[in-house]
Each structure stands twice: as C-alpha cells, then as structure tokens.
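Trainee: Next input, structure requested:
(one chain, ligands or ions: 1)
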Amino acid sequence: MGGKRQKHRAGNNSGGGRNRGNNNQGTGERGNYASIPTENALYESYYNQSGLIPSEEWNDFWTSLQKTLPTTFRFTGGKAHALGVLKTLKETLIPHLVGIEWEGVPVEAPRALGWFPDSLAWQLSVGKSTIRRCPPFKKFQNFLVAETTVGNISRQEAVSMIPPLVMDIQPHHIVLDMCAAPGSKTAQLIEAIHANEETRVQAAIQDESIDDGSGGRPAGLVIANDADYRRSHMLIHQTKRLNSPNLIVTNHDATMYPSLLVKNEDGRKEYLKFDRILADVPCSGDGTARKNYNVWRDWNPLGAIGLHLTQVRILVRGLQMLKVGGRIVYSTCSMNPIENEAVVAAAIDRCGGLERVNILDCSDRLPELKRRPGVKGGWRVMDKDGSWFSSFEQVDKADMREARLSRIVPSMFPSEDEKSDEDESRVPLERCMRVYPHLQDTGGFFITVLEKRAEIGAVKSEEHGRRKMAAIARSKVGTSSEGGKGAEVEETLEGVELVPTTTTSEGETPTPGSPSKRKLTEAVSNTTPPALKKLRSDLPDTNGDDNSDGGVQLGDEETTLGTRTRPTAPSPPKKSKGPPAEEPFKYLPTDHPVLESITKFYDLSPRFPKTCFMVRNTEGIPSRAIYFTNHLAKQVLTSNEGSNVKFVHCGVKAFMKQDVQEEGVCPWRIQSEGLSILEGWIGETRVVRARKRETVRGLLKELFPKVHAEGQEGDVIREIEERVRGLTMGCCVLKVEPTEGEFEDRMVFPLWKSRHSCNLMLPKDERKYEPPCYCDAGL
Ligand SMILES: C[S@@+](CC[C@H](N)C(=O)[O-])C[C@H]1O[C@@H](n2cnc3c(N)ncnc32)[C@H](O)[C@@H]1O
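Mentor: Purely as a prediction, here's the structure:
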C-alpha cells in the first residue's frame, strides 16, 4: 500500500465496481432510469404480503425503493492518508456547497454518512443538471473525478460498505473473500490489513533492532475469489490501485473452494484456516432496485429460490475453512428471508448447531446505522405463479411437478418457529441485520456475523429433504425427464461430499493432490454435466454493468432445470476454450545474479525481505518483471504448487526490465506500483530530494527535461539539477519532502537519469494530476 503521495500518483481507476455500470455516476441521477417504470406487481405483492415491513412503514418503504439512489463514496487508503484527502474536501469545497439555492430551489450539500467511522464515507443527493451547471457543484464533481482517478476516493454503495466494517480485521489476519468480484469490499478488506502500516514501516526502517523479516509490513493475507474468470480479472483491476503484496486472487466455485495448504512452523503442510471470511454471495439483488432497473423488469420469486442452495453451500464451505474463534460475515443485497435467515439457519444446522456456530450480536456496532433485526420465523415461500406455502408439508400436498420445477426445498422455510425465545437451541436469527431503503436512504441489504465455536467435522448433507421431495415427485409425476435430470445431478453432486475437511482428519498432514483431494476434483469433473460445467466457467455477468451487489447470478439449480429468472432466450452453447492457463509463480533465490545486481545498484538494505521476489514463468527467469509478495502469500503459493488451485493473481510489480543503451547501467527500473514498498530501503546513492512545487510541476509537464552541464543550469529542474548530474545513469527515487508553502505531504516518484536528461517514470494519465492544492489545480 502506498503512502499518501505515492498513492496519489500511483492511482489507477478505482470507481466503485458496483457503480460503474450506472450512467451519470456522481450526479445522483441515472441516464434512462427515470423513464423505466418502477413497477413489478409480483415484487410489490411479495414484500407487501411478506409481513417483513410493518404496515405503517409500507408507503415509505415502497416509495423509497422507487427513488434513484444517492451517490456515495468513501475515502480510501491508510487512515492518515484518507483523513488528509477528507480535510481537503471539508476545508476547500464543502463551505461553498452549504446553503446553496439553485434556480430558486435549495440544494442539499454532500454529507458524511454518520455511521461510517471517521466520516470517511459521504453521500450526494443532487441531480446531474445541477451538478453540471451550478459552479460550486461542478468544482465538487471535478474533485470527485480527479480523486477517483488517482485512487483516493472509491465510489461504492453505502450498504456495501457495511460487511467489512463488522469483520473487525486485524493486520495479521488471514482473510478469504469467497465471492469477491468486482471487489469493492475486497478493497476495504485489503485496506484493513494495511491499517497504520506507514507508521510501522517507518519504525522498522529506523530501528535496526526490529528485524523480523517483515520490514514493518503486515503479516496477514487477503485471498479474494470469484467463480467467474472474467470477473476475477475485474477484481484484479479494481484492487490494483492498492498495490498490496498481501493479496492473492483465485478463481473457484466457492461452494467447493479447495482446501489450501500451508507449511507450519515445523515445515509440515497443513490446511490453511481463515481468521475472517466474507461470503457476499450471489443473490437475487432485490435490494438494489434503486440503481438496478433489471429488478423492476425481471423480479420473480424464483430468483431467490434458485439461489438458496448455492448460498447455503457457500456459507457451509466458508464455515468449514474458518478457524475456531474466527468470524464469517454472510451478506446479500436481497431482502428475501429465503436468501438470508433461511440460509443462515440451514448452514448452522448443517454444521452441527449452535455449539459449533453462533450468530454474533452486533447491536453495539455502527450505532448510527439504522437497521432492523433479522426475522425469527413466520416467513413463507412464494412459488413462481404467486401462490404461497407456509411449510414444506404444504408443498408436498401441492402439485409436485410445479413445486419441483420451482425447486422449493425444506431449508427455505423457517425452522425455528416452534421454539420459544428461552429455548437455548433456538438460532437467534434476530441478531441478523436488515437494512431497508427507507431507514437511511440506501439500498436494501442483509448482514450476519457468525462465529465458529468448535470444529465442525462432517456436515449434514442436504439429502434428507431432497430424497423426500424426489420420492414424492416420482410417485406423483412418474419419471419426468425434465426435472429428473437436474435432481439426479444434484444428488450426485451432493453424494460426493465435496469438502476435503470431512474426509481428512484434523491432525493429518496433507499433500497437494492427496487422495481425498484428487477424489474431490475427479468427482466433480466426472459428475458435472457439460451444461453445468460450462456455466461454472462462464458465469454470466448478468447485468452487463458490473453492478456488483445487484448481480442476479443464475444458480446451478435454475439452469439445469431450465427455469431461468430472465425471459431471455438461452444463448446457444459457445465453444469455450476455458480460461487460459496462468503463468506459475516462481520465487527467486536471494543469491540470484539479477537480484544481487539490483541489490548492489540500489544499495538495498540487507534488512529488506529479499526472499519474497518472484517472477511469472515456468523457468523462474527474471526476463521482464519482478514481483514482490509478503511471506504468507509466498507460503501459500509455494505450498500449493502443482495442485489444482487456480491462482490468477498475486504480487506487486517491483522492477521492470528496461532497454538500456549503455554498458553497466542496471536495466531493472523501479515500477511505480512497487515504489512504496521499496523506497524506504533504497540507499542514498539512488535518492534525489526535492521540496519545491515548481520542480514537481516541471517534471510532470515536461517529458525529458534536460540535465545541463555544470554552470549552465536551466529552469525546469533547477532545484535538483546538480544532484541529478552527479548520478550514474539509471533509475533512482525522487523524494519530495513536505515543506511549508510548498507541499503538505510527502511524495515519492521513480525517476530515470539518462545521459543528458531525466524523466519521471509515470504513465501518461497519471501525469495529468498535479498533487493538490485544489485552489492551484483550477478547481
Ligand atoms: C454480489 S457479487 C459480489 C460483490 C463483491 N463482494 C463486491 O463487493 O464487489 C457476487 C459474486 O459472486 C460470484 N459468484 C457467483 N457464483 C459463485 C460461486 N459459486 N462461487 C464463487 N463466486 C460466485 C459472481 O461472479 C459475483 O461476482
């Protein structure tokens, strides 16, 4: 993670993924949204009759759902850094936005979301035409665009910011984000791992007695996963601006996420268990109607029904991979109990009940966030034709062919209804958190924090309810080929308990590709029908707009049975080559000649963790780029080498090979992404120091300012010219120190010294933004 200035320059685009597909973000309005009728009779009657919303609140609830969602954004990066950018907003822009009237109408100023810590998240409800034409709002818009471009602000829906806040992540935690793309929450998780890192790194640089090999960097790790290969790359793009060596991206179906191996202190391999897991699962997304018109167009009760089992399986798999004492946050952007409380109750039951997994009471967390307790029971299940079922027994009695098609299973119904509040075996579903649109002008959302209290052992299968249903169905409709095939597939998949922890005892020392693991992989590939396989590798980006939480992902169940939630015709099977094979991750030995020459050229401190440089080719040859990861990421990548784990990303580019014309020049330049990791450890022989704004401005504006001969200094880099002249050719680090009347914050840039000129090594678009002062930047 970069320090403030480094970060400012290193920015990539960082628009909140879930917002990116919307038109006119930052304006509080959406392009054609107003013209889309916010009506769907089934959706309305479902929630109206569900009893979830008290009748006196119904109008508020429903009219809020029909309104366009305000734009929300948060300040990113380390806390000190984020607070610095926030200060600019508060002091430079907000005073001009308060008490404004535009065309005779009062305009609401942007305001901080009260429940978000340190006022680091804000909301803007003003329409786009006001923003475009009202000068102070235009300036504000420019600020948002510039800061988003350099990665200091991330646009993200308010409710989507909640799950990471209740995860209580510490820098040493091992974290898994099971369904992570496009990555707005992953970014929060990474930021939490890197909290206060700058202070610790500075301490490690200055105090030689701190020599634990970490260089002050956090020991923790975030593994972000998505089943969709294309979306897993979206995830890489979204998190790139954070430059975190503590991130691994994988591409797996989370319902059967592979057990990762890691070496313990004795050098033996064991399963990696997580301190924190986020299961922000695919859902019907019916809480996103305010920004996602698909909900109005397509909503029907099968959306939730088709996803319930996938959601249960993801949560159960997450609970298995959690450490005892660890926490998993389950969240959806749906308001439907079938996707929420029913999933939580089913997962707890399958894992062995409250002795093993409990719901944490979070009522003291985020006190200003208005929320409603989870529903304890009493919800019903609506079939696709709008008929309600209060219990699975009623489904038994109904026309089973219809019920089978709509995939209603027992775990969708309340299981705790019969139990009194005093019954200790009752799952306290009221501890779940429900956020409704009318409470604080947000989208609808559901969050639950679960704690693992004891090892789970074998999980209960879904068999029981399914067998019962299948038996009844067979007796009623004979062997229906349409429904039968899907049910068979499900049974087979369920029959193979796709969970290594159930087949391997806790103390066992596993090896990659051990029998249990092989069995698992083979079983999946042998039993998965082609249609299902294709879907797994090619999950649709259903919105086509990167609307993360709104993504209505089709569940396997829906697809195998041909009951899609969309009226769109299924596309003909494409010839899929599958995702390309990823280049392996090969760590370089510390005595590799290239590393030795780099160490010598940059006078890299012997305390810098040089064991963590790697390249991405089978031969392990540093031919183009050298990456840096943290220790734990290295452990995970190397311990699972040769297994079937699909690692698609890890590492921050630290050095890139450059064509050099002259002998003796180190061809490995520092890549701006890796600069914040390296800069404190580079010797003074490769450092240039500046203080003046005009120096930075000159270097940003001019591509190759000349380095004049002694006595002929020019204007552009006057301040550093003498120092640069004295440097041998090659890459060095420009450090700009904070100075009264110049820059308030420290900045670091990679600089290339040529024979007669020097050059800031920044991508073109990053040259456009001079570090703030906004008054200077013409805002
Ligand atoms: C609600 S979105 C996640 C949003 C994300 N957490 C964020 O904050 O940006 C659900 C994601 O789950 C992925 N997904 C769907 N089925 C999955 C599965 N079986 N395993 C893992 N990921 C899955 C989808 O591709 C989608 O990116």
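Trainee: Tell me how far stretch 725-743 lies from the chain's centre.
Mentor: In terms of Cα atoms, centre = their mean, to the nearest Å, the centre of stretch 725-743 is set 35 Å apart from its chain centre.
Trainee: Mind listing what's buried along that stretch?
Mentor: By 16 or more other Cβ atoms under 10 Å, the buried positions in stretch 725-743 come out as L727, M729, G730, C731, C732, V733, L734, K735, V736, E742, F743. To be clear about C-beta, it is placed using only N, CA and C from the backbone, and glycine gets the same treatment.
Trainee: Contacts only, for the fourth one.
Mentor: The contact partners of C731, taken as Cβ atoms under 8 Å, 6 or more residues apart in numbering, are Y602, Q658, C666, W668, R669, I670, R686, P750, L751, W752, K753, M761.
Trainee: which of the buried residues of stretch 725-743 sit farthest apart?
Mentor: Put simply, by Cβ to Cβ the two of those set farthest apart are M729 and E742, 28.5 Å from each other.
Trainee: if we can go back for a sec, ok, the buried residues of stretch 725-743 vs K646, which is closest?
Mentor: C731 (34.2 Å).
Trainee: On the three-state scheme, that closest one is what?
Mentor: Assigned by DSSP: H, G, I helix; E, B strand; the rest coil, the conformation of C731 is strand.
Trainee: Could you tell me the per-residue confidence at it?
Mentor: We have a pLDDT of 96 for C731.
Trainee: V159 is in contact with D441, isn't it?
Mentor: No - with contact defined as Cβ atoms under 8 Å, V159 does not count as touching D441 (10.7 Å).
Trainee: which residues does H96 contact?
Mentor: H96 neighbours (Cβ under 8 Å, 6+ apart): P136, K139.
Trainee: Report the residue spans of the stretch 1-150 of the chain with pLDDT below the cut-off.
Mentor: For the stretch 1-150 of the chain, applying pLDDT under 70 flags the ranges 1-35.
Trainee: Helices along that one, start to end?
Mentor: With helices called from DSSP state H, counting those that start in this stretch, the stretch 1-150 of the chain shows them at 4-10, 17-20, 41-50, 58-66, 79-88, 128-133, 135-149.
Trainee: and the ligand, which of the ones you listed is closest to it?
Mentor: Closest to the ligand of the helices of the stretch 1-150 of the chain is helix 17-20 (Cβ to the nearest ligand atom; 5.0 Å).
Trainee: And for T71, the neighbour number?
Mentor: T71: 28 surrounding residues under other Cβ atoms under 10 Å.
Trainee: Quick check: it vs the ligand, distance?
Mentor: 17 Å (Cβ to the nearest ligand atom, to the nearest Å).
Trainee: Name the nearest residue to that residue, sequence neighbours excluded.
Mentor: Nearest residue to T71 in three dimensions, chain neighbours excluded: L124, at 4.6 Å (Cβ to Cβ, 6 or more residues apart in numbering).
Trainee: How about V343?
Mentor: Going by Cβ to Cβ, 6+ apart, V343 has Q311 as its nearest residue, at 4.6 Å.
Trainee: Quick check, the one you found in contact with T332.
Mentor: Yes - counting by Cβ under 8 Å, T332 is a contact partner of Q311 at 7.4 Å.
Trainee: hey, what's in contact with both of the two?
Mentor: Joint contacts of Q311 and T332 (Cβ under 8 Å, 6+ apart) are V281, C283, E339.
Trainee: May I see the domains of this protein written out as residue ranges?
Mentor: Domain ranges of the chain: 4-30+68-156, 161-178+257-384+411-460+540-554, 586-767, per automatic domain parsing.
Trainee: and the gap between S129 and W122?
Mentor: Distance, S129 to W122, using Cβ to Cβ, to the nearest Å: 21 Å.
Trainee: So V748: helix, strand or coil?
Mentor: Secondary structure, three-state DSSP: V748 is strand.
Trainee: That one: neighbouring residues, count only.
Mentor: By other Cβ under 10 Å, neighbour count at V748 equals 26.
Trainee: The one 5 residues further on now?
Mentor: Applying the criterion other Cβ under 10 Å, we find 22 residues in the vicinity of K753.
Trainee: for A342, same thing?
Mentor: By the criterion of other Cβ under 10 Å, A342 has 26 neighbours.
Trainee: quick one: contacts of the strand or helix carrying it?
Mentor: When secondary structure is defined by DSSP states H and E, A342 falls within helix 341-350. Around helix 341-350, the neighbours that count as contacts under Cβ under 8 Å, 6+ apart are 281, 308, 311-312, 315-316, 319, 330, 354, 356-359, 374-376, 379, 411-416, 427, 429, 432, 448, 450, 459-462.
Trainee: Just give the closest residue to S415, not the sequence neighbours.
Mentor: S415's closest residue in space is A345 (Cβ to Cβ, 6+ apart), at 5.3 Å.
Trainee: Could you tell me how many residues sit around that neighbour?
Mentor: Count around A345 with other Cβ under 10 Å applied: 25.
Trainee: thinking again about what came up before, so is the helix holding A342 next to the ligand?
Mentor: No - applying Cβ under 6 Å from any ligand atom, one finds helix 341-350 out of contact with the ligand, separated by at least 13.5 Å.
Trainee: which is the next helix or strand following that helix?
Mentor: Downstream of helix 341-350 (by DSSP H and E), the next one is strand 357-359.
Trainee: Can you give the strand pairings for the helix or strand that comes right after that next one, parallel or anti for each?
Mentor: The helix or strand immediately downstream of strand 357-359 is strand 372-373, counting by DSSP H and E. Sheet pairing for strand 372-373, assigned by DSSP bridges, gives strand 433-435 (antiparallel).
Trainee: what residues does the partner strand touch?
Mentor: 52, 159, 162, 287, 335, 340, 362, 369-375, 442-448.
Trainee: Using PDB, write out every CA atom in the helix or strand that that strand is followed by.
Mentor: Sequence order places helix 437-440 as the next helix or strand after strand 433-435, per DSSP H and E. Taking Å, rounded to 0.1, in the frame of the first residue of the first chain, the C-alpha atoms of helix 437-440 are listed here in PDB:
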ATOM      1  CA  PRO A 437     -34.200   1.700   1.800                       C
ATOM      2  CA  HIS A 438     -36.500   4.000   3.800                       C
ATOM      3  CA  LEU A 439     -34.400   3.900   7.000                       C
ATOM      4  CA  GLN A 440     -31.500   5.900   5.800                       C
END
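Trainee: For the closest residue to L260 other than its chain neighbours, give me its contacts.
Mentor: In this structure, L260 finds its nearest non-sequential neighbour in L272, 4.2 Å apart by Cβ to Cβ, 6+ apart. Contacts for L272 (Cβ under 8 Å, 6+ apart) come out as I174, S259, L260, L261, V262, M321, V636.
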